[in-house]
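Visitor: Can you look at this prediction? I've put the sequence above it.
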Amino acid sequence: MFSLRAEGISKRFQYEWVFRNLDIHLNLGESLAITGGNGSGKSTLIKTITGAIPLTDGKLEITQNGQDIPADDWFNFLTISAPYLELPEEFTLQELLNFHFKFKKLYRNISTDEILDKIYLRDQKDKQINQFSSGMKQRVKLGLSVFSDVPMVFLDEPTSNLDKKGIEWYQNIIPEYLNDRIVFVASNDEREYTFCKQTMRLEDYK
Ligand SMILES: Nc1ncnc2c1ncn2[C@@H]1O[C@H](COP(=O)(O)OP(=O)(O)OP(=O)(O)O)[C@@H](O)[C@H]1O
């Protein structure tokens with residue numbers, strides 16, 4: 001059993017509160033959409049919960065079979081796809097997949113070869129990432145996150161840069177790989193989180 005519990009968490013930059021007194025409790029198989037306009041704090045919330053930046057107040061616990069996982073180890077249990085996270089541009093797609101999956105196990109024993117088809121980039125596997133379009137990069141980011149065998153997946157603006165076909169791909173393919181994990185989707189766009197069972201409006205926590 002794996003779970004995440006946040007109690008009374010708050011974040012302030014200088015004198016400005018981004019969110020205050022937020023409670024979240026999620027087990028495997030549960031998904032939460034974090035919604036709010038530009039600047040409402042969605043990315044900041046994801047950064048605090050994943051341990052990238054510190055909380056100002058409150059308590060955050062990630063546990064496995066009742067045992068507390070130390071914050072320094074959280075990165076082993078999660079993946080993040082976000083506009084502000086860059087891919088290593090000098091790798092080819094095949095090299096990037098090989099590199100990434102040295103550190104994370106493959107989800108449900110999918111192969112890196114199958115991932116090329118899932119993200120419909122097989123023809124581009126020997127091309128360097130710096131030659132990819134923004135939509136192609138976005139499919140790579142989502143693929144790396146979703147096809148990693150981790151219990152928590154964080155998707156920040158998951159359909160940014162995707163065209164109509166890409167958005168349909170996201171809606172049809174991605175949720176089937178998420179239903180037994182803890183999932184956070186930070187979004188302004190309802191199409192990105194129709195599969196999430198819970199929604200939290202950050203404007204309610206100022
Ligand atoms: N490192 C920082 N230092 C100071 N203020 C920050 C920092 N990072 C974010 N902020 C502020 O925190 C607030 C929330 O920003 P955040 O990026 O979390 O919003 P968001 O909801 O993800 O926005 P968007 O939808 O535009 O991506 C903004 O007012 C922003 O200026």
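Guide: Nice, thanks for sending it over. Numbering: from 1, shown residues only.
Visitor: give me the element the closest residue to residue 58 other than its chain neighbours is part of.
Guide: Leaving aside its chain neighbours, residue 58 sits nearest to residue 9 (3.3 Å; criterion: C-beta to C-beta, 6 or more residues apart in numbering). Heads up, the C-betas are built off the backbone N, CA and C, glycines and all. If you go by DSSP states H and E, residue 9 is part of strand 2-13.
Visitor: what about the helices in this protein?
Guide: Ranges of helices in the chain, per DSSP state H, are 42-49, 93-103, 112-118, 134-146, 164-173.
Visitor: Is it possible to get a markdown table of those helices that adds distance to the ligand, mean neighbour count and mean pLDDT?
Guide: Converted to a markdown table, these look like this (distance: least, C-beta to the nearest ligand atom, whole Å; neighbours: other C-beta atoms under 10 Å; pLDDT from 0 to 100):
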| stretch | distance to the ligand | mean neighbour count | mean pLDDT |
| --- | --- | --- | --- |
| helix 42-49 | 3 | 22 | 96 |
| helix 93-103 | 24 | 17 | 97 |
| helix 112-118 | 27 | 16 | 97 |
| helix 134-146 | 15 | 21 | 98 |
| helix 164-173 | 17 | 14 | 96 |
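Visitor: My guess is residue 104 contacts residue 146. True?
Guide: No - using C-beta atoms under 8 Å, residue 104 is not in contact with residue 146, being 11.2 Å away.
Visitor: Determine the residues that are contacts of both of these two.
Guide: Common contact partners of residue 104 and residue 146 (C-beta atoms under 8 Å, 6 or more residues apart in numbering): residue 79.
Visitor: ok, back up a step: would TSV of the helices of the chain with distance to residue 85 be doable?
Guide: Listed next are the helices of the chain as TSV, based on distance: least, C-beta to C-beta, whole Å:
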stretch	distance to residue 85
helix 42-49	10
helix 93-103	12
helix 112-118	18
helix 134-146	7
helix 164-173	17
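Visitor: No further queries at this time; thank you.
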